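[1] no FASTA, just this:
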């Protein structure tokens with residue numbers, strides 16, 4: 001869980017071996033209310049190894065699972 005009970009997703013991108021901060025994009029889909037994630041604007045604290053995305057309202061992991069939320073992400077940058 002993120003701050004104030006908001007759903008937090010931590011993405012480990014260390015295996016990508018980026019040499020500089022990559023560009024991260026995210027999408028969220030599901031059966032209900034996936035608009036609670038703010039999409040690409042919700043990605044923050046990006047490093048060469050991690051990125052974070054957080055819901056803009058309080059939501060439990062159970063709610064996200066029952067709504068069949070799926071977070072898709074993509075990272076692009078230099079790795080050599």
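    Perfect, thanks for sending it. For clarity, every value in this text was computed on a predicted model and none was experimentally measured.
[2] got the contact list for the spatially most central residue of the chain?
    Closest to where the C-alpha atoms of the chain average out (Cα atoms, centre = their mean) is residue 53, at 3.4 Å. Residue 53 sits next to 8-9, 11, 26, 37, 42-44, 71, 73 when contact means Cβ atoms under 8 Å, 6 or more residues apart in numbering. (Glycine included, C-beta is placed from N, CA and C.)
[3] Skip ahead from the host helix or strand of it and say which helix or strand is next.
    For residue 53, the element it lies in under DSSP states H and E is strand 50-58. The helix or strand immediately downstream of strand 50-58 is helix 61-66, counting by DSSP H and E.
[4] So what pairs up with the residue nearest to residue 4 when sequence neighbours are not counted in the strands?
    Nearest residue to residue 4, sequence neighbours excluded (Cβ to Cβ, 6 or more residues apart in numbering): residue 58, at 6.5 Å. Bridge pairing for residue 58 (DSSP bridges) gives the partners residue 6.
[5] returning to what we had before: what's the distance between the residue nearest to the centre of the chain and residue 19?
    Residue 53 sits 23 Å away from residue 19, taking Cβ to Cβ, to the nearest Å as the criterion.
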